[in-house]
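**Q** What follows is a predicted structure for the sequence shown.
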Amino acid sequence: VVSFGYRCFADCVNLTSISIPSSVTSIGESCFEGCRSLTSITIPSSITQLGARCFENCYSLTSVVLPPSVTSLDDRCFYYCS
């Protein structure tokens, strides 16, 4: 299991996009929290879980593509997004 861990990209206010490799199977708690410039994200089909608050306060996030493989969206995953 390969995971983007707890707050690994949190508060990267200039991060506008990210490509998640297919080797990643989960996105950890608060991983992208506070990435205010992130506008869109495509989750690869290898991802099964999005951790609590993983995209919280991503105010500019207007497009999210979730594959059917995502079976768990934890608490406040997209809280305070556009």
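**A** Thanks, I have it.
**Q** as a whole number, average confidence for stretch 70-81?
**A** Average pLDDT, stretch 70-81: 93.
**Q** Just the buried residues of it, please?
**A** Val70, Arg76, Cys77 (16 or more other C-beta atoms under 10 Å). To be clear about C-beta, it is placed using only N, CA and C from the backbone, and glycine gets the same treatment.
**Q** Apart from its chain neighbours, what residue comes closest to the second one?
**A** Setting aside the residues directly before and after it, Arg76 is nearest to Arg53 in space (C-beta to C-beta, 6 or more residues apart in numbering), at 4.8 Å.
**Q** so what's the one you found scoring on pLDDT?
**A** pLDDT, Arg53: 96.
**Q** residues contacting it?
**A** Glu29, Ser30, Glu33, Asp74, Asp75, Arg76, Cys77, Tyr79 (C-beta atoms under 8 Å, 6 or more residues apart in numbering).
**Q** Report the distance from stretch 18-30 to the chain centre.
**A** Offset of stretch 18-30 from its chain centre (C-alpha atoms, centre = their mean, to the nearest Å): 7 Å.
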